[in-house]
Every structure is written in C-alpha cells, then in structure tokens.
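1. Next one to model:
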Amino acid sequence: MRKIGFCHGATFKILDPYSETNISLFKKCGCNAIEVNCHSVSEADRFESIEESIRGFEYKSIHLPCDIKYRNDEATNNLLIKIVQYYKTIGAQLAVMHPDLIEDVSVFAKYPGANWAIENMDDRKAKFKNVEDLREFFETNKQWNFVLDVGHCNANDKTMKLADDFIAELKHKIKEIHLSGYEVFHDPLHRTEQVEIIKRCKLLDAPIIIESTFEKTDGVDGISKEFTYILENLA
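-> Residues are numbered from 1 along each chain as shown. Below is the predicted model of the structure:
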C-alpha cells in the first residue's frame with residue numbers, strides 16, 4: 001500500500017490531537033503515514049507527548065506553525081531549533097509550511113537537517129495559489145520541496161485544471177500530497193464526494209496526508225469512513 005495517513009490534528013474538534021487515543025484511531029484504520037501538525041508555536045512544547053506513539057508509522061512529516069512570521073529573528077530561530085530536533089528524533093522526512101508566512105527564507109539555511117517544503121495556498125490567500133508564484137519561489141530556492149494540496153487546488157479552480165498544471169510543471173518537486181474535500185474548508189471527502197480531487201493523487205506516487213477536519217457530528221467513526229472512502233477511490 002502506498003504511504004497514506006492523516007494530519008494528526010484532523011480530529012481537534014473531537015479529541016486532544018496529542019492524546020494516545022487520537023493516534024490509536026489512525027493506527028486502527030491501517031494508516032502507515034502521519035503528519036504532526038504543529039498549528040501554533042506553543043504546540044512545539046507538546047511534541048514529546050506523542051513521540052513514542054508515532055514511531056510505528058512508515059512515513060512521518062511535520063507541518064510548521066501558522067501563527068508566526070518566519071524571519072531571521074530570535075522567535076523563528078528558537079522555533080526552528082525545536083522543529084529540527086524533533087524532526088530528527090522521530091525520523092521525519094519532510095517539514096512543510098505556508099509560503100506566505102516566510103519573510104526571510106535565508107533563516108532556514110541555518111538548519112540543513114530537515115527537508116523543507118512549501119505548499120500551494122487556498123482561495124483566501126493573495127499569493128502562492130498558482131503555478132507562476134511557485135515557479136518563482138523554486139527558481140530562487142532550488143533545494144526546497146513542494147507539497148501539492150489538491151484540496152486547495154479545488155478551492156481555487158473547481159475544474160481541477162490548476163492541479164493538473166501543478167503536476168505538469170512541478171511533478172519533480174512534489175514530495176507529499178495534502179488531501180481533503182473543499183466545499184467550505186477541508187471537508188471530509190466521504191461527505192463531499194469530490195472524487196475528482198482524489199483522482200489527482202493517482203497521478204503521483206508521493207505520500208498522501210489527509211487533512212479533512214472532522215466535526216463532533218462525525219464522531220470518531222468519521223475517521224475510518226474517510227480513510228475507507230479514499231482508499232476505494234484510489235484503487
């Protein structure tokens with residue numbers, strides 16, 4: 001089976017993402033991949049609580065916080081020290097962030113111990129939504145990698161041509177895929193039934209991280225429903 005699993009914060013409306021109960025739900029589904037989603041800087045201090053429980057996953061990545069601007073300053077450096085240390089400890093293979101938060105990309109050169117990546121943005125953002133913006137970034141940052149968020153592609157272009165364009169132009173850079181439905185915001189695909197989003201994953205062999213966000217009405221059963229629905233449509 002290809003490497004596929006959830007962003008560990010997908011259940012934040014139902015469970016504490018840093019609980020053993022949460023991680024065990026992904027294991028029970030048969031996931032062999034996981035992304036530690038450090039949504040805020042303060043969460044970097046909670047990494048150790050799931051360090052042991054995620055060791056069994058074949059593929060691991062880290063999503064950096066979204067409540068900080070990445071500059072060559074004390075706050076950024078303190079965070080990146082923690083990120084890289086945890087990255088090495090768990091044997092992660094990728095560290096991804098939102099490119100619109102990067103104000104000084106040179107700071108990352110001080111931390112060569114991680115494979116850094118950016119993802120394409122959704123329709124709420126002013127930049128990094130199209131091929132041209134990403135091409136410009138990679139022309140000056142050739143060592144960086146790309147995470148293709150197919151849900152974000154759908155938010156910007158319901159025909160999914162945007163996703164096809166990203167794959168055609170940047171396939172060699174794509175090291176991970178973010179997958180979710182997109183009617184409102186990172187909706188479960190078993191509810192939106194947007195099979196056209198899942199189909200783009202068939203064109204790549206990169207690990208898939210499911211970013212669907214579950215509501216209390218979904219319950220914990222929503223996780224297995226989502227995983228099964230995606231696997232069926234990847235077959």
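2. Mind listing what's buried along the strand or helix carrying Thr76?
-> Using DSSP states H and E, Thr76 sits within helix 74-90. Neighbour counts over helix 74-90 (16 or more other CB atoms under 10 Å) mark Thr76, Leu79, Leu80, Ile83, Val84, Tyr86, Tyr87, Ile90 as buried. Placement of C-beta: from N, CA and C, glycine included.
3. Distance of the residue lying closest to the third one once chain neighbours are set aside relative to Lys142?
-> In other words, Leu80. Closest residue to Leu80 apart from its sequence neighbours, by CB to CB, 6 or more residues apart in numbering: Tyr111 at 5.1 Å. With the distance defined as CB to CB, to the nearest Å, Tyr111 ends up 17 Å from Lys142.
4. quick one on the thing from earlier: the residue nearest to Leu80 touches Tyr87, doesn't it?
-> No. Taking CB atoms under 8 Å as the definition, Tyr111 is not a contact partner of Tyr87, at 9.1 Å.
5. I'd like the buried residues of helix 74-90 as TSV, with pLDDT appended.
-> Converted to TSV, the buried residues of helix 74-90 look like this (pLDDT from 0 to 100):
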residue	pLDDT
Thr76	98
Leu79	98
Leu80	98
Ile83	97
Val84	97
Tyr86	96
Tyr87	97
Ile90	97
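6. Pick out the most distant pair among these.
-> Thr76 and Ile90 (21.3 Å; CB to CB).
7. So what does the closest residue to Leu189 other than its chain neighbours look like in phi/psi?
-> Distances taken as CB to CB, 6+ apart place Gly181 nearest to Leu189, at 4.3 Å, with adjacent residues excluded. Dihedral pair for Gly181: phi -80, psi 170, per degrees, to the nearest 10.
8. which ones are touching Gly181?
-> Shown in contact with Gly181 (CB atoms under 8 Å, 6 or more residues apart in numbering): Gly151, Asn154, Asp187, Pro188, Leu189, Arg191, Thr192, Gln194, Ile197, Ser212.
9. let's go with 7 Å and repeat that
-> Applying CB atoms under 7 Å, 6 or more residues apart in numbering, we find Gly181 in contact with Gly151, Asp187, Pro188, Leu189, Arg191, Thr192, Gln194, Ile197, Ser212.
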